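Undergrad: Okay, predicted coordinates and the sequence, questions at the end:
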Amino acid sequence: MAGGETYLSSGYLELLQTSIPGLKPQYYLLNEGEETIGIVYFQEYPFVAIQSFNSFKSDDATGLTKLLRRIVSSLVSFNAVANGNMILTGPYGFAFVETVPLAKQLKILTHIFELAIAETRKRTKISLHFLKELTEDQDALRGPWFEQSKFYRFTVQPTMHFQVRPEWSTMDDYLQAIKSKYRVRYRKARKRVLPIVKKRLLPAEILEHEDTIHRLYKQVIDQSSFNLMEVDRKYFGNLAELLGDRFTLNAYFNGDKLIGYMSFIDTPDVLEAHFTGIDQEENRNFDLYLNMLFDLVEEAISRQKKILNLSRTALEIKSSIGATPVSMYCYLRHQNPALNSLLPMIFRFLYKEDEWVQRIPFKDESGT
């Protein structure tokens, strides 16, 4: 994934280490002779199901089922070591130079995983081993090894990718490609948001508004069905300082009130949507989130990107602008063989996937 150039860089990993209270990272730089051939990254963290599975909190289950979910989730608590990044969607746990054969990569990953587990055990009792996440292509190549090593393979919500067509040069080209009812919806949304002022915040302005930015960020992640970690209030300002012009945080103001923002990172071929914050009441008044998505589409087109990566959450509204789901695969293993055999059942019992309908707005594609 394109974001790996940023998310596996030393600057970003150092920033992340200071932005997540209690995070204990492990870094493995792989050298062969004088040549660096790869990097493997781990995060140590406490996994507490009642804090991580948000889906059952608003579950429509009643009676005994809902009670049992709460009881089981309160009991499921482990120390874990994860290969990957718990706050991002994507395969940001390792990277190799292209010349390293797959068989050699798997051998190295096996060895480094065991090193990471042994290193963690020096400090704390470790129960869960977690790989987050693999793309479909990576899973086809590497997944069988993890399953043979007794890892439980699972998916949560897919990430959403918007493909920018090469013939588009302006937003009008996009509008011509979508069905009439979606163009009407676009114009209505743009009309509703007219009272709102959009402004790109400089690092100093992000610092000025950091309390509101963090509060709005929390409103969004608290609604996600599955969340493991969260960043502190200094994260966005520090990220803006680190990445400079590659990072954008567009803030939306109703008068003097900051009511939402959308952030993104510019990489060579992909515009990576980053964290969003939004006031839910103001969202209803102004179709704020939908307008943010349209703004991202416009940014991706004007910057001549191939893909706009919108990550997961809010899948249906993202599909309504033309994004499509891309599956990501995770692997989980418990140290205790008996408990490891129960992981599939526990996960399916606790995790309730959000139901959604994929919308297809383009004229040349079938669907609603």
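TA: Arrived safely, thanks for sending.

Undergrad: State the distance from the residue lying closest to residue 80 once chain neighbours are set aside to residue 44.
TA: Leaving aside its chain neighbours, residue 80 sits nearest to residue 128 (3.6 Å; criterion: CB to CB, 6 or more residues apart in numbering). (Each C-beta comes from the backbone N, C-alpha and C, glycine too.) Distance from residue 128 to residue 44, counting by CB to CB, to the nearest Å: 10 Å.

Undergrad: Name the nearest residue to residue 24, sequence neighbours excluded.
TA: residue 44 is the one closest to residue 24 (CB to CB, 6+ apart), at 3.9 Å.

Undergrad: With residue 292 instead?
TA: Spatially, and ignoring its direct neighbours in sequence, residue 292 is nearest to residue 262 (4.3 Å; CB to CB, 6+ apart).

Undergrad: Tell me which helix or strand that neighbour sits in.
TA: Counting by DSSP states H and E, the element that carries residue 262 is strand 257-266.

Undergrad: who's in contact with that strand?
TA: With contact meaning CB atoms under 8 Å, 6 or more residues apart in numbering, strand 257-266 is reached by 3, 6, 196, 201, 209, 212-213, 216, 236, 243, 245-253, 271-279, 282-283, 286, 288-289, 292, 295-296, 299, 303.

Undergrad: Equivalent analysis for stretch 242-255, please.
TA: 6, 11-12, 15, 195-201, 205-206, 209, 213, 236, 239-240, 258-267, 274, 282, 286, 288, 292, 295, 299.

Undergrad: Out of the residues you listed, list just those in helices.
TA: 6, 11-12, 15, 205-206, 213, 236, 239-240, 282, 286, 288, 292, 295, 299 (DSSP state H).

Undergrad: now, the most widely separated pair of the residues you listed?
TA: Spatial extent of those (CB to CB) is set by the pair 11 and 286 at 35.6 Å.

Undergrad: what does the domain assignment say about the protein?
TA: Domain ranges of the chain: 4-156+326-350, 160-325, per automatic domain parsing.

Undergrad: Can you tell me the strand partners of the top strand by length along the chain and which way each runs?
TA: Longest among the strand segments of the chain by residue count, using DSSP state E, is strand 35-48. Applying DSSP bridges to the sheet, strand 35-48 is found paired with strand 24-32 (antiparallel), strand 77-83 (antiparallel), strand 94-96 (antiparallel).

Undergrad: which parts of the second one are buried?
TA: This points to strand 77-83. 78, 79, 80, 81, 82, 83 (16 or more other CB atoms under 10 Å).

Undergrad: Just the pLDDT for the residue nearest the centre of the chain.
TA: For the chain, the residue nearest the mean C-alpha position is residue 89 (2.9 Å; CA atoms, centre = their mean). At residue 89, the predicted lDDT confidence score is 86.

Undergrad: Which residues are in contact with it?
TA: Here residue 89 is in contact with 133, 159, 311, 312, 328 (CB under 8 Å, 6+ apart).

Undergrad: what's the answer for residue 343, then?
TA: 152, 332, 333, 334.

Undergrad: looking at the sheet around the nearest residue to it once chain neighbours are set aside, what are its partners?
TA: Residue nearest to residue 343 in three dimensions, not counting chain neighbours: residue 152, with 4.5 Å by CB to CB, 6+ apart. On the basis of DSSP bridges, residue 152 is bridged to residue 332.

Undergrad: With residue 38 instead?
TA: residue 30, residue 96.

Undergrad: Contacts only, for it.
TA: Residue 38 touches 29, 30, 94, 95, 96, 97, 100, 105, 108, counting by CB under 8 Å, 6+ apart.

Undergrad: distance of the residue lying closest to residue 99 once chain neighbours are set aside from residue 107?
TA: Excluding its sequence neighbours, the residue lying closest to residue 99 (CB to CB, 6+ apart) is residue 37, at 7.6 Å. Look at residue 37 and residue 107: by CB to CB, they are 12 Å apart.

Undergrad: For the top helix by length along the chain, which helices and strands make contact with it?
TA: Looking across the chain with DSSP H, the single longest helix is helix 102-121. Packing contacts for helix 102-121, counted by 3 or more CB pairs under 8 Å, 6 or more residues apart in numbering; DSSP states H and E, involve strand 24-32, strand 35-48, strand 77-83, strand 94-96, helix 136-148.
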